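[1] Here is a sequence with its predicted model. Questions after.
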Amino acid sequence: MPTEPDAAAAAQSSYQVRLHVGMPAAALEQLVAVAECVVLVDALPDDTESGPLPSERMLRAGFTNRSATAHAVLDAQARKGDRLPVDIVTPAAPDGRFAVEDFLAAGAVVDALAELGLDFSSPEAASACAAFTGLRGALAHLVSASPAGRAWTASGRTTALRAATRLDPTAP
């Protein structure tokens, strides 16, 4: 179920790592205006969504750059010199459905943050992380079986789909 920034912020405000699933674009804009760090997670983004983001406090993430994103968050926290609240957001699907691929990718980002010591996670973020770690071995299958994954396959984007589900392919 989509969350509005005011309600979600209130429910998760005491946690450093927070998760907002299925956030509509208008709510995302409101969150970006007030949040210190927003990570937009879209496991299978449209080609048109790869451009720059409207705020320097906002990062894009997926399976392929989860560790780089976590390091960017840690660097931002070091610059701040204090705990940095991180709002992880999955976008609302056009048809309102739950996007399992985005939920798992959000969990991958939460896992990467935890590996760096940022592990004071809300129940929502912890649940996504547990889903990712528990289902990591089936990740490629689950994403390819999702409605978005099937659409990518049907449109001849099988190679791109496989690439999008690789975890940190360029990480050292």
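    That came in fine, so what should we check first? No experiment lies behind these values; they were computed from the predicted model shown.
[2] Give the buried residues for stretch 23-39.
    23, 27, 28, 30, 31, 32, 35, 37, 38, 39 (16 or more other Cβ atoms under 10 Å). All C-beta atoms are positioned from the backbone trio N, CA, C, and that covers glycine.
[3] Tell me the one among those nearest to residue 74.
    Among the buried residues of stretch 23-39, residue 37 lies closest to residue 74 (Cβ to Cβ), at 10.6 Å.
[4] still on that earlier bit, mind listing which of the buried residues of stretch 23-39 are in strands?
    Among the buried residues of stretch 23-39, DSSP state E puts 23, 38, 39 in strands.
[5] hang on, the last one packs against residue 85?
    By that I understand residue 39. No. Residue 39 is beyond contact range of residue 85, at 11.3 Å (criterion: Cβ atoms under 8 Å).
[6] List the buried residues in stretch 145-152.
    Going by neighbour count (16+ other Cβ under 10 Å), the buried part of stretch 145-152 is 146, 148, 149, 152.
[7] Nearest residue to the last one in space, please, no chain neighbours.
    What sits nearest to residue 152 in space, not counting adjacent residues and going by Cβ to Cβ, 6 or more residues apart in numbering, is residue 161, at 4.5 Å.
[8] next one: residue 44
    In space, residue 44 comes closest to residue 148 once its chain neighbours are excluded; the distance is 4.8 Å by Cβ to Cβ, 6+ apart.
[9] Put the alpha carbons of the one helix or strand that neighbour maps to into PDB.
    Under the criterion of DSSP states H and E, residue 148 resides in helix 147-154. Provided in PDB are the C-alpha atoms of helix 147-154 (Å, rounded to 0.1, in the frame of the first residue of the first chain):
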ATOM      1  CA  PRO A 147       5.000  -8.500 -14.300                       C
ATOM      2  CA  ALA A 148       7.700  -6.000 -15.200                       C
ATOM      3  CA  GLY A 149      10.200  -8.800 -15.800                       C
ATOM      4  CA  ARG A 150       7.800 -10.600 -18.100                       C
ATOM      5  CA  ALA A 151       7.200  -7.300 -19.900                       C
ATOM      6  CA  TRP A 152      10.900  -6.800 -20.400                       C
ATOM      7  CA  THR A 153      11.300 -10.400 -21.700                       C
ATOM      8  CA  ALA A 154       8.300 -10.000 -24.100                       C
END
